[in-house]
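Student: sequence? don't have it. structure:
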């Protein structure tokens, strides 16, 4: 099967990520399908150690930092994340190299007759199974596996991990996960396994931490709060990176303490780095040999696109994947830290089922112009609808037919004191990145 036919086949499966306002039902999120498929495959997910990760925000950045450090330590590292920004293959990586199109097609050729034996396999379930098989074939030393949606009923939650990691929890996907922080946290907590440690990031909502702690206690699992294990102090920052002071509180030695350069921008990345370093410290207590040089190289070289990423300096263009109120607030803080003194032109596009009004309340008072556009994703909101929602925020706005036109208009109106920020959806940021870098 060639790559085009491979994608046609995968996209012919059920894909709940394309459905606006998706709600929960047992048949949509049934782990029995995934277990049956993996059983037919010989359970490849049992062939390598796994760190399983869930959370509302910060999963990708935290996973990327962990993978970068482990790779610097000489390990072959599998990384499974979603959704993809640019190409389907990017979801499955070994040592930060995407699975090739030919390798993906080969995996699907083998998997297709097995999928036909299990009723109603989804695109994400098939992709997860491919990732597990590919990691087994490539003989990874460890894999970092990110949950797609929630945790308890996510297709990835068939693994028996070395540890679980849960990043910051906030409001998102309420139709599936529930309308309260307790309900959302309960879904995320579903990845905690009996007797296995769970590293928890700093939480915005106290009830989230309580839910995670109660679950860990019931499971007999050690809960490690990253903010109590690793103390990070900002030293300096610029558009080229940020310098941080790291102090570990609960290690047997202070060999990891010191100053580091972090390639990812934004104060929120400090919390993600704290979570990643706490998890790495726990791994170092087992069979993984990690030293200070590995951490230094990993943090300095980590990259994770569209997370307050500077892709142009003239004019200054920053891409961010903020797509809920909590991440919009983090973006606002980063704008104040890095773009202070600049006029802001915001290019905004969103999925139709997000809290668009909430994001507007956070971001629009701080911008001089907003240009509405949309990505090609099926859930993308019509820019004309966004204009109607902006009426309570007195900021000049315009509509662009597509992201190319939006960037062209923003560049035309920008001067030397202007920063162009693209946000509202990970898909709009990814589309903007391709346009800018290809031009």
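Tutor: Good, I have the coordinates. Predicted model only: the values in this text are computed from it and were never measured.
Student: immediately after the longest helix that the chain contains, which helix or strand?
Tutor: Longest helix in the chain, counting residues (DSSP state H): helix 268-284. Heading C-terminal from helix 268-284, the first helix or strand you meet, by DSSP states H and E, is helix 292-301.
Student: within the sheet, what are the partner strands of the helix or strand following that next one, with directions?
Tutor: The helix or strand immediately downstream of helix 292-301 is strand 309-313, counting by DSSP H and E. In the sheet containing strand 309-313, its partner strands are strand 316-319 (antiparallel), by DSSP bridges.
Student: what about the partner strand, distance to the chain center?
Tutor: Chain-centre distance of strand 316-319: 19 Å, with C-alpha atoms, centre = their mean, to the nearest Å.
Student: the residue most central in space within the chain is in what secondary structure piece?
Tutor: In the chain, the centroid-proximal residue (C-alpha atoms, centre = their mean) is residue 60; its distance is 3.2 Å. In this assignment (DSSP H and E), residue 60 forms part of helix 59-72.
Student: ok, residues contacting that helix?
Tutor: 51, 53, 55, 77, 79, 81, 93, 95-96, 141-142, 144, 146-147, 165, 167, 201, 264, 269, 272-273, 275-277, 279-280, 283, 288, 290, 293-295, 297-299, 301-304, 307 (C-beta atoms under 8 Å, 6 or more residues apart in numbering). C-beta here means a position set from N, CA and C on the backbone, and glycine is covered the same way.
Student: so how far is the helix or strand of the chain with the lowest mean pLDDT from its chain's centroid?
Tutor: The helix or strand of the chain with the poorest confidence is helix 174-177; it has a mean of 80 (mean pLDDT, DSSP states H and E). Here the centre of helix 174-177 is set off from its chain's centre by 18 Å, with C-alpha atoms, centre = their mean.
Student: likewise for stretch 392-405?
Tutor: Remark: stretch 392-405 is offset 27 Å from the chain centroid, using C-alpha atoms, centre = their mean.
Student: beta partners for residue 165?
Tutor: Under the criterion used (DSSP bridges), residue 165 bridges to residue 53, residue 199.
Student: oh, I was asking about residue 97
Tutor: Under the criterion used (DSSP bridges), residue 97 bridges to residue 94.
Student: please begin residue numbering at 445 from this point
Tutor: Sure, I'll start counting at 445 from here, so that last one is residue 541.
Student: which strands or helices does whichever helix or strand comes after the helix holding residue 504 pack on?
Tutor: Using DSSP H and E, the helix or strand that follows helix 503-516 towards the C-terminus is strand 521-524. Identification of packing neighbours for strand 521-524 by 3 or more C-beta pairs under 8 Å, 6 or more residues apart in numbering; DSSP states H and E yields helix 503-516, strand 536-538, helix 567-581, strand 586-590.
Student: go again using 6 Å as the cut-off
Tutor: Secondary-structure packing of strand 521-524 (3 or more C-beta pairs under 6 Å, 6 or more residues apart in numbering; DSSP states H and E): helix 503-516, strand 536-538, strand 586-590.
Student: buried among the contacts of helix 503-516? Need that as a selection in PyMOL.
Tutor: This is the PyMOL syntax for the buried subset of the contacts of helix 503-516, where burial follows 16 or more other C-beta atoms under 10 Å:
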select buried, resi 495+497+499+521+523+525+537+585+586+588+590+591+609+611+645+708+713+716+717+719+720+721+723+724+727+732+734+738+739+741+742+743+746+748+751
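Student: mind listing what's buried along stretch 543-563?
Tutor: So, applying 16+ other C-beta under 10 Å, buried residues of stretch 543-563: 543, 545, 547, 548, 549, 550, 551, 552, 555, 558, 559, 562.
Student: in helices only, show me the residues you listed.
Tutor: 545, 547, 548, 549, 550, 551, 552, 555, 558, 559.
Student: which two from these end up farthest apart in space?
Tutor: The span of these, defined through C-beta to C-beta, is set by 545 and 558 at 20.9 Å.
Student: quick one, strands of the stretch 745-883 of the chain?
Tutor: For the stretch 745-883 of the chain, the strands defined by DSSP state E, counting those that start in this stretch occupy 753-757, 760-763, 787-792, 813-816, 841-843, 862-867.
Student: next, the distance between the ends of stretch 641-661.
Tutor: 11 Å (C-alpha to C-alpha, to the nearest Å).
Student: distance from it to the middle of the chain?
Tutor: With C-alpha atoms, centre = their mean, you get 19 Å for stretch 641-661.
Student: wasn't residue 687 part of a strand?
Tutor: Yes: under DSSP: H, G, I helix; E, B strand; the rest coil, residue 687 falls within a strand.
Student: buried stuff in the helix holding residue 504?
Tutor: Within helix 503-516, the residues scored as buried using 16+ other C-beta under 10 Å are 503-516.
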